[in-house]
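J.: I would like to see how this sequence folds:
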Amino acid sequence: MMASSSTPQYFEHIVVGCGGIGSGTVYWLSKRAGKNVLGLEQFKLGHDNGGSQDHSRIIRLLYHDECYTNLVRDTFTTFEEVEKESGIQLVYKCGTIDLGHASIPEVAKTIDAYAVAMEKQNIPYERLTGDQIRERFPQFNTGSDVVGLYQKDSGLVDAAMANATHIQLARKHGATILENCTVLKLDKDTDGIHALVYTNQGVFRCRRVIVTAGAWVNHVLGSVGVHIPLTVTQEQVTYLATPNIKDFTKEHFPSWIFHDSRFDLYGLPIHGNTGSKVGIDAGGPSVTPETRNFKPDPVREKICIEFLEKYLPKALGPLMYTKTCLYAMTPDRDFVIDTLEKKGFPQVIFCNGAGHAFKFSCLLGKILSQMAIDGKTEYPIESFTMDRKALTDPNFKPNFHLICDTTKAKL
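T.: Predicted coordinates for the structure are as follows:
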């Protein structure tokens, strides 16, 4: 489909970027607006260039702050609706555990922040000692100085399957999806009401354009004079061919996050291949989408392997592969969900997931669809506006580590 620059093809809603959040947005829009929805993806669908990829991502009720815990239940219910419509399982409730050394003050403070946030939302959890963790999950080699929070109803979501399912169901509802379609700029139509979306496949016109472009969000918003302070990093996960496969299946092992004063490590049960999965959160170098490469960092690979040697030795095995991705993070590591109304472009809505949003991708798609169609959402997103201090104060000190070394934990 090619739009003529002289007569732009019209859609009520255009979504820029069809990764995790974008594919969810196209899906939810299509359920209400059908053929009036267009999704634009600059690469092939399912590509490995951004952050919405791979077999599995953690989905959890465990979270550090009430701005997230008052949304987390709906991350599950929205995915359940997609599962029901598609007949495909996307979420696996194998449980999650957050753990770390209680003797490290910022770690203990982070664990406590999780507990407080969950108690405010009446989310059930168990506080476990290192010995209790080892008894419950003997794969862990944790001593008495380790403390953890376990939540049985959390687990993992199949990322690649979720994206593809969103897109295929959106097409069923009548949405149009264009691949290899790069957005060159946004503009207002001459009526001042509609937006124009200029692409390498022509110009499109719409009432609302929703930008969910991940690490490329400023490439798009920059065309209307808006820049969000983001740091893009190249991250990676490593898969190891453990011989102890059964011990790390979803039936026997939870997703986990290990908090440390240097960085946080995380892992998931086996899903999508036969390897145990481990990675470092936000531990990679700053890049741009143009300067990143796809080469694994052996230093971070070594850190992950040494961690497994100490805490999860049965997960070790020959290196299968290490896979890279991009994080696009705000200085406070919180989401941005807002319109550009205050910038003179009420036609534009955008969302940034700050490197930890895949678990929210289906819900964020629903939220963005409501903002586009209704002009508001039923969900509490007041904490995620673009005019908060972290995004407006040039002296705001970024904290990507996601650990409680300030008065507000950031994970």
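J.: C-alpha only now, for contacts and for neighbours.
T.: Noted.
J.: So which elements touch the host helix or strand of G365?
T.: Secondary-structure element containing G365, defined by DSSP states H and E: helix 361-374. Here helix 361-374 touches helix 20-33, helix 72-86, strand 202-211, strand 345-352, going by 3 or more CA pairs under 8 Å, 6 or more residues apart in numbering; DSSP states H and E.
J.: Turn these into a markdown table, columns for mean neighbour count and mean pLDDT.
T.: Formatted as a markdown table, the helices and strands packed on helix 361-374 follow (neighbours: other CA atoms under 10 Å; pLDDT from 0 to 100):
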| stretch | mean neighbour count | mean pLDDT |
| --- | --- | --- |
| helix 20-33 | 28 | 98 |
| helix 72-86 | 17 | 98 |
| strand 202-211 | 24 | 98 |
| strand 345-352 | 22 | 98 |
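J.: Could you point out the helix or strand that follows whichever strand or helix holds I111?
T.: I111 is located in helix 105-120, with elements delineated by DSSP H and E. If you walk from helix 105-120 toward the C-terminus, the next helix or strand you reach (DSSP H and E) is strand 126-129.
J.: Neighbours of E135, how many?
T.: Around E135 there are 13 other residues, counting by other CA atoms under 10 Å.
J.: nope, Y150 is what I meant
T.: The burial count for Y150: 21, using other CA under 10 Å.
J.: quick check, L308 in a helix?
T.: Yes - under DSSP: H, G, I helix; E, B strand; the rest coil, L308 falls within a helix.
J.: residue ranges with poor pLDDT in the protein?
T.: Within the chain, the stretches with pLDDT under 70 are 1-6, 402-411.
J.: what domains does the record give for it?
T.: 9-52+160-229+332-392, 95-152+231-329 (automatic domain parsing).
J.: just to revisit the earlier point, would you turn the helices and strands packed on helix 361-374 into a markdown table with distance to C304?
T.: Formatted as a markdown table, the helices and strands packed on helix 361-374 follow (distance: least, CA to CA, whole Å):
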| stretch | distance to C304 |
| --- | --- |
| helix 20-33 | 26 |
| helix 72-86 | 28 |
| strand 202-211 | 34 |
| strand 345-352 | 28 |
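J.: hang on, the earlier thing: continuing past the helix holding G365, what's the next helix or strand?
T.: Assignment by DSSP H and E places the next element after helix 361-374 at helix 389-392.
J.: Next, the buried residues of that next one.
T.: Within helix 389-392, the residues that qualify as buried are A390, L391, counting by 16 or more other CA atoms under 10 Å.
J.: what does that helix contact?
T.: Residues from elsewhere that reach helix 389-392 (CA atoms under 8 Å, 6 or more residues apart in numbering): I228, P229, T330, P331, D332, M386, F396.
J.: So for the helix holding G365, what gets flagged as buried?
T.: The neighbour-count check on helix 361-374 (16+ other CA under 10 Å) flags 361-373 as buried.
J.: Work out the gap between that helix and the centre of the chain.
T.: Centroid displacement of helix 361-374 relative to its chain, using CA atoms, centre = their mean, to the nearest Å, is 15 Å.
J.: re earlier: and the domains of the chain, which is most packed in?
T.: The highest mean neighbour count among those, using mean count of other CA atoms under 10 Å, belongs to domain 9-52+160-229+332-392: a mean of 21.
J.: For I257, find the nearest of the helices and strands packed on helix 361-374.
T.: Nearest of these to I257, taken as CA to CA: helix 72-86 at 17.0 Å.
J.: packing partners for whichever helix or strand comes after the closest one?
T.: Moving toward the C-terminus from helix 72-86, the next helix or strand (DSSP H and E) is strand 91-92. The contact analysis (3+ CA pairs under 8 Å, 6+ apart) places strand 91-92 against strand 155-158.
J.: Next secondary structure after the strand it packs on?
T.: Following strand 155-158 toward the C-terminus (DSSP H and E): helix 159-172.
J.: before we move on, back to that, which one of the helices and strands packed on helix 361-374 lies nearest to T322?
T.: That would be, of the helices and strands packed on helix 361-374 and by CA to CA, helix 20-33, which comes in at 20.9 Å.
J.: export the closest one as PDB, just CAs?
T.: Taking C-alpha atoms only, helix 20-33 is exported to PDB below (Å, rounded to 0.1, in the frame of the first residue of the first chain):
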ATOM      1  CA  GLY A  20       5.600  -4.600  22.400                       C
ATOM      2  CA  ILE A  21       3.700  -1.500  23.300                       C
ATOM      3  CA  GLY A  22       2.900  -0.600  19.700                       C
ATOM      4  CA  SER A  23       1.500  -4.000  18.800                       C
ATOM      5  CA  GLY A  24      -0.600  -3.900  21.900                       C
ATOM      6  CA  THR A  25      -1.900  -0.400  20.900                       C
ATOM      7  CA  VAL A  26      -2.800  -1.500  17.400                       C
ATOM      8  CA  TYR A  27      -4.700  -4.500  18.800                       C
ATOM      9  CA  TRP A  28      -6.800  -2.500  21.300                       C
ATOM     10  CA  LEU A  29      -7.400   0.200  18.800                       C
ATOM     11  CA  SER A  30      -8.600  -2.300  16.200                       C
ATOM     12  CA  LYS A  31     -11.100  -3.800  18.600                       C
ATOM     13  CA  ARG A  32     -12.900  -0.500  18.600                       C
ATOM     14  CA  ALA A  33     -11.900   1.300  15.400                       C
END
